[in-house]
Structures are given as C-alpha cells and as structure tokens.
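> take a look and give me a structure for this.
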Amino acid sequence: MHRHHGLAGFLLLPVALMPLASLLCYAGQSQTLLGALLLTAGQTLFSILPLIIAMQLANALQRGESGQQPLNAAVGYLILSSTLQTLAPELRHAEMGCALVAGLSSALFYPRLSRLRLPPLLHSFKGAAIVLILNSLIALALAFPLAGLYGWLEPELLRLGARWLSNPEQGFALGFIYQLLTPFGLNEVFHPLMQANHGEALSQPQLSFLSAHYAVQIFGLPGLALALLRYAPHEQRRPFVGLCLLLTLSGWLTGFTAPLILALLFLSPPLFVIHALLAGFIMAFCQVIEIRFAIPKLTGDLSVLWSPELQRDPLQFYTLGGLTLALYGFGSHLCLKLFQLKPLLWM
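Okay, the predicted model is just below:
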C-alpha cells in the first residue's frame, strides 16, 4: 500500500482536534483563571492547525524511512507564514495555502535534496542537516511568488464576491466558488461582505447568503456524512463512523470546516465537486425565493439557531434545512453509487 493512498486519513487526524478546540474555547468564556487557561488552549489548537496539516501532508507523502519530511514541512511552513506577514501584511487568509505549499514542496524536493553530491568542503553538512537547510531556503524563495499570488487573489475574490452578491441571478456562482475555496481558507475573503455597514439592517442578498451558508453547514454536511456512512465498505464501517461524526461536529460546534473539506477533497474529488454544486444550488434557491428570516451574523456554530431574529420565524429555515439535508443525502449517495468511487482513505 502506498502512503499517499491514506492521504485523507492523515489529514483527518488534525481535523479531529477542532471539536475539542471549540469546546475548550466555549468552556473558557468565564472570567476565571481556569477559563483563561481553557480559552488559551483552544485558541492555540486553532492557531497551530495549519502547521499540523503541513506536517501531516508531508508525512502522508513521505518517501523513505528517515522520517525527516514532517520536520522539513514544519520549518518550511513557519518560514513561509512569517515571511508572508512581512512581504504582504494585509493578507489575512494565506495560512492554509502556506501549509499546503510547505507540505507538498518538502515531499517533492526531498528525494532530490537527499541525493545531492556536495563538495568536500561541505561534507560535514551531509545528510539531514543540508536537506533541512536547503528546504528552508526553498521555502524562503517560494514566499515571494506566493505573496504575489495572494496579494492579487484576495482583492480580486472580494471584488467578484461583491458583484455576485449584488446580483441575485449569480447566487449559484457565489455558493459554488465559496465551497471550492473552502479547503484553502480563501472562502473567508467573502465574510466581510456579510457584515452590515454602520449598524444598518442586512440586505436581502446578505440574508440569503447567510441562510444558505448555515443550511449547508448544519444540515448539508450531516446529509453528506450519512451518504458516506451508507456507502462505506462493511470492513471499514468503524473508522467511517468517526469520519461522519467529524463532518457533523465540525459544522455544528466549530463552523471551521476548511480542514475537513480539504480532507474530503483528497478523500474523493468528485464528491467534493458534488458538495460545491449542491451548495451553489442552495445559494441560488435562497436568492431566488428571497429568504426573509434573519440570521444576524456569521457566528460559526449552532448558536445561530437560538438567535432572537431566527426564533421569531423559524419555519422557513427548518424547511430549508430539511430540503438541504435531503438534497445532500440523495445527491451524495447518487454520486457514490453511479461513479463507483474508491475514496483514497479506504485503499
């Protein structure tokens, strides 16, 4: 069995920390020393997630038995992320991109770096030391094009998102692209568009976006999880229960679904595309019928269900939620059945 076949499985390990991180943050809201400690622990888990993903990605793609690639990826990520903060301090959503670049580059360059023939003067650096040094220099060099890419991409996405949001007939494009960008953390570029200006009421397009967003997060992901559980081979049923719980808990407790959707992308690319298509359809549906109940802001978790604005008229939202659950369950199951997919986690 090749190690890259378990790529999704490696990425699910750091994802499992997210419900714990969310619970620690929730339990740490009290103004006590224990509360401060719990809040710090939860926030730390969230902050180091990209670093862990970089290490796990390199670990999954590791060649040879030296075990050095996760260390290379960790050093590469720290250099990339810190350098980008200096080159382009206005960037806010590059952490996942840095993690992916660091993990992939360390795995890609390791075989070449480990076979380098050094001049006699540098023989004392031969082996792991020179590989780590050269990998760090490669990460430093990659920071410049990455800063340029993100420096162009983030403003461009914000411009496109504003145009799509102001045109209800383009709701599908907004929902579809939002989910395609989620594994890379770039979906958060659109979040400022969901905030009311100077205390004003949210516009109808903003309400429609928030309605579709929470319908997918709270009802769509569990529907996808049920389809995956039904499709899982009998001998893999036990680990798949854990995956389905992560799909559900990440949407319900944390709202931070980027790492999980990234794992879904590696687990089954066609299923990831189906997820994005269904999310685009839900967004277009909400824009067309002009959802009129209010979800006031992006809170990221189930607390939105208890907001006073929603409780005044919950019928529309739960009807939309039931429709989303049914669409995701049926659409995901149909995709898995028709295409006879072999998700990489099971191979």
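
> use CA for all of it now, contacts and neighbours both
Fine.

> any chance you could map the strands in this structure?
Using DSSP state E, the chain contains no strands.

> that one: helices as residue ranges?
For the chain, the helices defined by DSSP state H occupy 7-15, 17-27, 33-60, 69-87, 95-114, 128-166, 171-181, 204-215, 221-231, 237-249, 258-267, 269-289, 308-311, 315-338.

> reformat those helices as a markdown table; add distance to residue 187.
A markdown table is the format used below for the helices of the chain (distance: least, C-alpha to C-alpha, whole Å):
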| stretch | distance to residue 187 |
| --- | --- |
| helix 7-15 | 18 |
| helix 17-27 | 18 |
| helix 33-60 | 16 |
| helix 69-87 | 18 |
| helix 95-114 | 11 |
| helix 128-166 | 9 |
| helix 171-181 | 5 |
| helix 204-215 | 11 |
| helix 221-231 | 17 |
| helix 237-249 | 18 |
| helix 258-267 | 9 |
| helix 269-289 | 12 |
| helix 308-311 | 24 |
| helix 315-338 | 20 |
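
> adding mean neighbour count, mean pLDDT and distance to residue 191, write those helices out as a markdown table.
Listed next are these as a markdown table, based on neighbours: other C-alpha atoms under 10 Å; pLDDT from 0 to 100; distance: least, C-alpha to C-alpha, whole Å:
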| stretch | mean neighbour count | mean pLDDT | distance to residue 191 |
| --- | --- | --- | --- |
| helix 7-15 | 22 | 76 | 22 |
| helix 17-27 | 20 | 78 | 20 |
| helix 33-60 | 20 | 90 | 18 |
| helix 69-87 | 23 | 93 | 21 |
| helix 95-114 | 22 | 90 | 16 |
| helix 128-166 | 17 | 92 | 9 |
| helix 171-181 | 22 | 93 | 10 |
| helix 204-215 | 24 | 86 | 10 |
| helix 221-231 | 22 | 82 | 20 |
| helix 237-249 | 19 | 67 | 21 |
| helix 258-267 | 23 | 79 | 14 |
| helix 269-289 | 22 | 91 | 15 |
| helix 308-311 | 15 | 69 | 20 |
| helix 315-338 | 18 | 88 | 20 |
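
> tell me the contacts of residue 338?
With contact set as C-alpha atoms under 8 Å, 6 or more residues apart in numbering, residue 338 has no partners.

> from residue 143, how far out is it?
Taking C-alpha to C-alpha, to the nearest Å as the measure, residue 338 falls 42 Å from residue 143.

> with residue 275 instead?
As for residue 275, its distance to residue 143 is 31 Å (criterion: C-alpha to C-alpha).

> then residue 110?
From residue 110 across to residue 143, the span is 18 Å (C-alpha to C-alpha).

> surely residue 136 touches residue 74?
No. Using C-alpha atoms under 8 Å as the test, residue 136 is too far from residue 74 to be in contact (9.8 Å).
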